[in-house]
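**Student:** Starting from these lines, generate the structure:
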Amino acid sequence: AWAIDAHVAYFFNRGTNGDIVTLETEPVTIHSLHRTAVGLGLGRDWFLFRPGFILDTWDANFRLGADVGGRWGAGHVNFDTPFEEGGYRRRFDVFAQAFGGLTATMEIPAGGWIWLVGGRLEADYTFSDFLDRQANFYQYSAMGMLGVRY
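**Tutor:** The predicted model follows:
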């Protein structure tokens, strides 16, 4: 089955406060990074034992999927100033992201409901200007899934 994925995503990354970077000629450390985005992906799912839905079937079905897409959003970086007591800075910017993911789920029919359990591995590349210089970076995620479909 072909799949279209439209979503809203929120990402939070905590800084290590170990590396000093320059923000508008001032030395700072990264405290945290917050990002919110809308995304669109296109992918393909493969049902391993039978089609995706068969009426009155109570046996579990396994599905593997892969998708690629993009996200557009806005975010901000919180900075600490190591040479100023209680110093704090914030930088806001928009960003773009390209992503690719692999998904594995088990679907368990129960009457009119279908329970879903599985996981997802995702890699993405973020295009941003959160720092004075271009600050593009990779991110790798492992996610668990638990849900119900009616």
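
**Student:** got the buried residues for the least confident helix or strand in the chain by mean pLDDT?
**Tutor:** When the helices and strands of the chain are compared on mean pLDDT, DSSP states H and E, strand 20-23 comes out lowest with a mean of 80. Neighbour counts over strand 20-23 (16 or more other C-beta atoms under 10 Å) mark Val21, Leu23 as buried. The way it works is simple: take the backbone N, C-alpha and C, and place the C-beta from them, glycine included.

**Student:** cool, stretch 129-138 as well?
**Tutor:** Neighbour-count burial for stretch 129-138, counted by 16+ other C-beta under 10 Å, picks out Phe130, Leu131, Ala135.

**Student:** measure it end to end?
**Tutor:** For stretch 129-138, the first-to-last residue distance is 14 Å (C-alpha to C-alpha, to the nearest Å).

**Student:** what residues does it touch?
**Tutor:** Stretch 129-138 has contacts (C-beta atoms under 8 Å, 6 or more residues apart in numbering) with 21-24, 33, 75-77, 91, 93, 95, 123-128.

**Student:** do the same with stretch 72-87
**Tutor:** The contact list for stretch 72-87, computed with C-beta under 8 Å, 6+ apart, reads 9, 11, 15, 17, 20, 23, 26-39, 88-97, 128, 130-131.

**Student:** need the helices for the protein, in chain order.
**Tutor:** Counting by DSSP state H, the chain has no helices at all.

**Student:** any idea how far Asp45 lies from Phe11?
**Tutor:** Noted for Asp45: a distance of 24 Å to Phe11, by C-beta to C-beta, to the nearest Å.

**Student:** Which pLDDT value belongs to Trp46?
**Tutor:** On the pLDDT scale, Trp46 is placed at 92.

**Student:** and it, what is it in contact with?
**Tutor:** By C-beta under 8 Å, 6+ apart, the neighbours of Trp46 are Arg63, Leu64, Gly65.

**Student:** picking that back up, keep only those of the contacts of stretch 129-138 that are in strands.
**Tutor:** Members of those lying in strands (criterion: DSSP state E): 21-23, 33, 75-77, 91, 93, 95, 123-128.

**Student:** Tell me which two of these sit farthest apart.
**Tutor:** Farthest-apart pair in these is Thr22 and Ala123; separation 28.5 Å (C-beta to C-beta).

**Student:** Quick one: mean pLDDT for stretch 131-149?
**Tutor:** Here the average pLDDT along stretch 131-149 is 87.
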